[in-house]
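Colleague: quick check, what structure comes out for this input:
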Amino acid sequence: MNFSWQLIRMLFYLTVIIALIILLAKFIKKQSLLSGTGQQLQILEKLYFSSEQALYLVKVLDEYWVLGISSERIELLAKLSDSQALAELSKEQDKFKDEYWLERLKKVFSKDD
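Modeller: Numbering: from 1, shown residues only. So this is what the prediction gives:
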């Protein structure tokens, strides 16, 4: 009798653990779908102004949208369709980041202690 009771308890806990794993997997899948990793819709940049206000750059098909998001609403601020200009802007931004870090590294390593 004692062995069968332990077996029933073990099967119950095993079922609960498997159900929790399945629920966790569904939650993670739902979160990843909301994170903007789709093929036709991608969130490229996020800029937070406060906990309730943000600016998003979103790629929708072949257009780029700038969205203003607050706790009350989402507003389309601009549609950008010139992909060549956006590519140039991206290159300039990457160049600026690289130059910034190179300058920082030069300052760190050129100090005379």
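Colleague: according to the record, where do the domains of this protein fall?
Modeller: As assigned by automatic domain parsing, the chain contains the domains 1-35, 38-81, 83-113.
Colleague: weakest of those domains by average pLDDT?
Modeller: Among the domains of the chain, domain 83-113 has the lowest mean pLDDT, at a mean of 65.
Colleague: what ranges do the helices span in the chain?
Modeller: Ranges of helices within the chain are 2-34, 83-109, based on DSSP state H.
Colleague: so the closest residue to Leu67 other than its chain neighbours versus Gln40, what's the distance?
Modeller: Among residues not flanking Leu67 along the chain, Tyr56 sits closest, at 4.4 Å (Cβ to Cβ, 6 or more residues apart in numbering). Every residue, glycine included, has its C-beta placed from N, CA and C. Distance from Tyr56 to Gln40, counting by Cβ to Cβ, to the nearest Å: 16 Å.
Colleague: was I right to think Tyr64 contacts Glu45?
Modeller: No - Tyr64 is not in contact with Glu45 according to Cβ atoms under 8 Å; the separation is 9.9 Å.
Colleague: so those two - more neighbours on which side?
Modeller: Tyr64 (20 against 11; other Cβ atoms under 10 Å).
Colleague: so what's that one bridging to?
Modeller: Under DSSP bridges, the beta-bridge partners of Tyr64 are Lys59, Leu80.
Colleague: what about it, distance to Ile22?
Modeller: Tyr64 sits 38 Å away from Ile22, going by Cβ to Cβ.
Colleague: ok, now Leu41?
Modeller: Distance of Leu41 to Ile22, given as Cβ to Cβ: 27 Å.
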